[in-house]
Structures are given as structure tokens and as C-alpha cells.
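> Here is a sequence with its predicted model. Questions after.
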Amino acid sequence: MRRNLLESIQPGQVRKGVVKNITDFGAFIDLDGMDGLLHITDMSWGRISHPSEMLKQGEEIQVMIIEVNREKERVSLGLKQTTKNPWDEIDRKFPVGAKVHGKVVNLVPYGAFVEIEPGVEGLVHITEMSWTKRITKPSELLKVGQELDAVVLGIQKDEQKISLGLRQLEPNPWDMVRHNYPIGARVRGKVRNMTTYGAFIELEEGIDGMVHVSDMSWTRKVNHPSEVLKKGDEVDAIVLDVDSSQQRISLGMKQLATDPWSDIDSFFRIGDVVKGTVTKITSFGAFVELKDGIDGLVHISQISEERIDKVKDVLKPGQEVSARVIKIDRDERRLGLSIKAANYSAEQLAAETTAYEALNRQSGSDMMNLGDILDEASKKE
């Protein structure tokens, strides 16, 4: 019987057999003369985890002969090959843009596999699950066995892959962002998150705007948003730009106020004596906050008539000081201050200026600036 079967059997034939034994990798089928192996991958066009899901011992089935090795007397069988491959007409049955119904059969870190008909599964990537919700794992939204609708986004027939989307069932809220948040509009939101370069402000669920550190203050150099904001703060801002395709809204906080540097001469003039608070100590001097949040820098040479080795020995953060404006640097948006010159009389300043003018005439240079005069005087000392 074995010899007769091996002589007559041919690949492509469909034969009757009885399930003799089931293993983890497949099933042995009695073909009435010898056994053939039906591998698990040839049982179904769809997903199965164990042969016992499809077969029972003693069951009679129709199988296709896949391969015959007469020397080793081995026969490979197929069950799924007796039915039509559902992927053959997949693009006709499930065209791109079509709405389909299916069941979640597996969850993976990057998405969910949805069976839309026996043997056909599509992948809903995690990025295609919601327009606005921040989903870190698919199990936050879906569970195995759940039935749902989805939209076909793409088909790769040769690779037997279908891309599905859930969010496409709903309108994209970013399509309305430019209408809801026009450039120049004043908005209010809560600080949701901070990075080294800015703060994300939640304007509505899933819609964030970003305030870059450079747009937080006209007068202060902000190195990290935590210097100005903290998580949970309610803030007002102005919409600077909207890019719906990239899902980005640029916001500005400083734009709510007028830039004092645009008219700095109405606030400060060289020679003015001002009061402020020391905010930061460095090796080369101290930063002083003046009115309207404008920063001034007192160089170490301008703190005292005596020589100073360390600024922190003389000044402390929070200390109030009086100083004279000796330089206005529009490019750096900073004032040069002199604490030692704050108490100079008009005669002392005039003497310093006269001496410096004479020095300039000798050298042929022309740097008429009170800060340069006092710096030069310090060098002569």
C-alpha cells in the first residue's frame, strides 16, 4: 500500500486522510498506506497558535499533496491550499479608503493586529489610533477579542500586509486648528511638559502649543523654561505660527508685552543712576535686574575702587545696589553698569572723560563711551 501510494501520489492532488496524531508543530495524516505531515503553517491562511484549534484526532479531512520525497518516503501536506487564498483579490475586496469591520487578534508594542476576514489581518499602527490622545501602548485603547471598525490605509499584496487606521473614522481636529487658533490670537492654557528648549502648553485635549525659551522674555536670557514656568501653570500667550501638517503651534509669551528695548532710550540714558537687585554672580561680574525686568551687567572692574579678586566676596544674590548706566548694548540687549561710578560727582565724571578724550586723541581711536572711559581708567590704576 505504501509503495502503491508513493508511485501514484503527485503534488497538487487532493486526497482524503484521517488525523492520526497532533503535535505542537503540525499533524500526521494517515493517507491509507502511509502518513503525511501537515505543518501548522499550511493549515490556515489566518493565524493559529496550535494545530488543535483546527483539527481533532480521528477526524477525516481533505488535504493537498504539497511535496513528495520518494527516496525518504516523506509526504508534505497542505490544508489551506484546498481553499482559495484570500489575498489573491485583497485589493478588490478591501480597497484603500474602505471602512472595514474586524476583531483584534493580537496586541504588540507598536500596534494591534485586526482580523477583517478569516486569513486576513491588518495592522493598526499605534500612531493611527488617535488624532490627539498620547497612546504609549495599544492596550490603553484596545483589548484582544474586541470588535471594531477601521479604515484601510494601504495594501502590500506581495507581503500580505494591510495598514489600517482607527483615527480616520473621526475628523482630524488639526484641520480646524488654523481656524480655531489664528496667528495673533491670544490663548490660555496649562503647562503640560517642559524640554530644554521650551514649554508645551495644552490648549485643548491633545492640542499643544510650544513656547520657545527665546519667546518667554524680552529682557531676560532664559536658559531653561523652568526658570520662568512650572508644570501645571496657567499661562497666556500669543499664537505666532500654525503648521497643521506637522501638528505644531508656535506660541509666544513675551509678545503679550511691548519690547522695552525698542524704546530703551526712554527708560535709560548713559549717565543715569539706577537701582536694582543682584540676580546672578559670575567670575567676571554680577547681573542686576532693573525696572521692567531689564538686565544690567556690572563688570568686576566696576564694582569698587579697590581691586576685587572674587565678586562673591563683595556682592550677593538678592542684594540691592545703586549703579550708573555706562553702556547700552542693543545687540546683547543688556546695560553696562558701574557701582563704583554711582557716587561720582559731575566733576569726577568730567575729569575721567577729559582724560579719556586726551588718550583717544593720542591713539587716534574713537570710542566715546562712558563704559570704555571707566574701563580705561581702571586699567591705568
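Received, thanks. Residues are numbered from 1 along each chain as shown.
> which stretches of the chain have low pLDDT?
Flagging of the chain using pLDDT under 70 yields the residue ranges 346, 349-381.
> what does the domain assignment say about it?
Domains of the chain are assigned by automatic domain parsing as 2-82, 90-169, 174-256, 258-381.
> Format these as a markdown table; extra columns: mean neighbour count.
Any C-beta I mention is one placed from the backbone N, CA and C, and that applies to glycine too. A markdown table is the format used below for the domains of the chain (neighbours: other Cβ atoms under 10 Å):
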| stretch | mean neighbour count |
| --- | --- |
| domain 2-82 | 15 |
| domain 90-169 | 16 |
| domain 174-256 | 16 |
| domain 258-381 | 15 |
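> check contacts around the residue lying closest to residue 175 once chain neighbours are set aside.
For residue 175, ignoring the flanking residues on the chain, the nearest one in space by Cβ to Cβ, 6 or more residues apart in numbering is residue 244 at 6.6 Å. Going by Cβ atoms under 8 Å, 6 or more residues apart in numbering, residue 244 touches 174-175, 177-178.
> Extract the CA atoms of stretch 136-150 and return them as CSV.
The C-alpha trace of stretch 136-150 is given here as CSV (Å, rounded to 0.1, in the frame of the first residue of the first chain):
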residue,chain,number,x,y,z
THR,A,136,2.1,54.7,24.7
LYS,A,137,0.8,51.2,24.3
PRO,A,138,-2.1,49.8,22.4
SER,A,139,-3.6,48.1,25.5
GLU,A,140,-4.6,51.6,26.7
LEU,A,141,-7.2,51.7,24.0
LEU,A,142,-7.9,48.1,22.8
LYS,A,143,-8.1,44.5,24.0
VAL,A,144,-7.8,41.2,22.3
GLY,A,145,-11.2,39.9,21.1
GLN,A,146,-12.6,43.4,20.8
GLU,A,147,-14.7,44.1,17.6
LEU,A,148,-14.2,47.4,15.9
ASP,A,149,-14.4,49.4,12.6
ALA,A,150,-11.3,50.7,10.8
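> what's that stretch in contact with?
Contacts for stretch 136-150 (Cβ under 8 Å, 6+ apart): 99-109, 111-112, 114, 116, 122, 124, 126, 129-130, 133, 135, 164-166, 168-169.
> Let's see that with 7 Å instead.
Residues outside stretch 136-150 that contact it (Cβ atoms under 7 Å, 6 or more residues apart in numbering): 99-107, 109, 111-112, 114, 122, 124, 126, 129, 135, 164-166, 169.
> isn't there a helix covering residue 3?
Yes: counting by DSSP: H, G, I helix; E, B strand; the rest coil, residue 3 is found in a helix.
> Pull the distance from stretch 291-310 to the chain's centre.
41 Å (Cα atoms, centre = their mean, to the nearest Å).
> swap in stretch 28-36?
With Cα atoms, centre = their mean, you get 58 Å for stretch 28-36.
> Please apply the same query to stretch 159-166.
Worked out by Cα atoms, centre = their mean, stretch 159-166 lies 25 Å from the chain centre.
> what does stretch 30-37 give?
With Cα atoms, centre = their mean, you get 59 Å for stretch 30-37.
> One more: stretch 278-289?
In terms of Cα atoms, centre = their mean, the centre of stretch 278-289 is set 35 Å apart from its chain centre.
> Now do that stretch: everything it contacts.
By Cβ under 7 Å, 6+ apart, stretch 278-289 touches 276-277, 295-300, 311-312, 315-319, 321, 323, 337.
> please redo it, this time with the cut-off set to 8 Å
276-277, 295-300, 302-303, 310-312, 315-321, 323, 337.
> likewise stretch 192-201?
For stretch 192-201, the surrounding residues in contact (Cβ under 8 Å, 6+ apart) are 187, 189-191, 202, 208-213, 215-216, 224-226, 229, 231, 235, 237, 251.
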